[in-house]
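Undergrad: Quick one: sequence plus predicted model below, questions after.
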Amino acid sequence: MGSGVLQTRNFDFPAPRNGRCDVLILAGEHSGDQQAARMLSEALRKRPNIEVCAFGGAALEGAGAQLLFDFTSFSVVGLMEVLKNYSFFKALSAAIVDWIGKYRPKAVCFVDYPGFNLHIAALLHKKGISVKGGGNVKLLYYISPQIWAWKAKRRFKMARLLNSLAVIFPFETKCYADTDLKTTFVGHPFLEPGYENPVRYDESGELLLLPGSREIAVGRIFPAMLGALRMLDSQRAVALYPSAGIKEVLENTLKNFPDVSGRVRIVDAAALPLKAKAVMMSSGTMSLSCSLAGIPGAIVYKANPLTYVLGRMVVKIKYLSIANILLDRPAWREFIQFDASAQKIASYMKTCLRPEAREEFLRYARELESLLRAEASHTAADWLLLEIQ
């Protein structure tokens, strides 16, 4: 995206391909696109005649949704980035709401990405399109915002706007107990039968670099990872990209590190599964995959300085990664913002690259899995189908 400013444009989304839409899915990030695609694949196996449209990405399209717009190519994170792109997202929001008002799907299913998705929900309520706004379109939400970390009062807004919420962590139902929002634990998708972790530990594997799925964030995190790699002797690494935009950021960044460029492979996420002996990762969804695989490593995160300072004022959690939050300790050491120096990261990663480190992280992984294995009353697909029948 270059300067990080998205070009404001006129949006013209296609009509539903078969004249109707049972559910419209909104997934603004690659991780949400993938989780929604798993839910949709199972739902279509059980009820193949439902018509699904999506503002999402390639995973949802591959699962059978009619992709109206590749939303995942335009996700941004952080206050400053949102402000810079206000005009773009204002125009996109208006166009999405207009489409929903025109074609009236039975339900809209929002997936994570709360800043944008709850804004759309509020607009649908204000315009009288949603059920709770007086209309006929149900508003569903899959994968709760992390209200247990920050913006806890957001749950009351959600209860006012939404018809049903599906959560993926067992403790999250309690977070909404003081509201009238119907909240269902549907299990974590990484522990569903048939799910294969896309990463696995292998002592002979490479060092895995996972700087994230948002271009601006990757532009800050990947240099810190490469700086650490520079101090790890002849260690070879593989960096994963989920989109063409991220690939471009990785390649451009690597040009500034010619001394390590020969030791780094840049690989499409389609190449998964991958084997790794250790990992440097951002705090996104893939970090949980690595944690459940027991891969030794570290969390690396850098944001716009103002975004970081403001975030520290409102975030109420001790850790950034979900694995550390659930375990209530920094099992995977976190190097955040000013602490994310190449020297500190490299020093820690040297201990992670030792074969004996595996046993410690494998214990963490087993404990983490036991915390996530709680009995769910429905799968995500069952929940979706019940809500749109």
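TA: Noted; the coordinates are in hand.
Undergrad: where exactly do the strands run in the stretch 101-250 of the chain?
TA: In the stretch 101-250 of the chain, the strands defined using DSSP state E, counting those that start in this stretch lie at 107-111, 138-142, 164-167, 182-185, 199-210, 237-241.
Undergrad: What pairs with the second one, parallel or antiparallel?
TA: So the one you mean is strand 138-142. When pairs are called by DSSP bridges, strand 138-142 turns out to pair with strand 107-111 (parallel), strand 164-167 (parallel).
Undergrad: which of those strands is buried the deepest?
TA: Mean neighbour count (mean count of other Cβ atoms under 10 Å) peaks for strand 107-111 among the strands paired with strand 138-142, with a mean of 26. Quick note: C-beta positions are derived from backbone N, CA and C, even for glycine.
Undergrad: got the contact list for that strand?
TA: With Cβ atoms under 8 Å, 6 or more residues apart in numbering as the contact definition, strand 107-111 has outside contacts at 22-28, 32-33, 35-36, 56, 100, 117-118, 120-121, 124, 130, 137-143, 163, 384, 387-388.
Undergrad: of all the strands paired with strand 138-142, which lies closest to Ala331?
TA: strand 164-167 (22.9 Å; Cβ to Cβ).
Undergrad: CA atoms only for that closest one, dumped as PDB, please.
TA: Backbone C-alpha positions of strand 164-167 (Å, rounded to 0.1, in the frame of the first residue of the first chain) are rendered in PDB as follows:
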ATOM      1  CA  SER A 164     -26.600 -14.200  18.300                       C
ATOM      2  CA  LEU A 165     -22.900 -14.600  19.200                       C
ATOM      3  CA  ALA A 166     -20.700 -17.700  18.800                       C
ATOM      4  CA  VAL A 167     -17.500 -17.700  20.900                       C
END
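Undergrad: Determine how far that strand lies from the middle of the whole chain.
TA: How far strand 164-167 lies from its chain's middle: 16 Å, per Cα atoms, centre = their mean, to the nearest Å.
Undergrad: same question for it, mean pLDDT?
TA: What strand 164-167 shows for mean pLDDT is 97.
Undergrad: got the contact list for that strand?
TA: Under Cβ under 8 Å, 6+ apart, the answer for strand 164-167 is 138, 140-144, 158, 173, 176, 181-186, 378, 380, 383-384, 387.
Undergrad: Narrow the residues you listed to those that are buried.
TA: With burial judged by 16 or more other Cβ atoms under 10 Å, the buried subset of the contacts of strand 164-167 is 138, 140-144, 158, 173, 176, 181, 183-186, 380, 383-384, 387.
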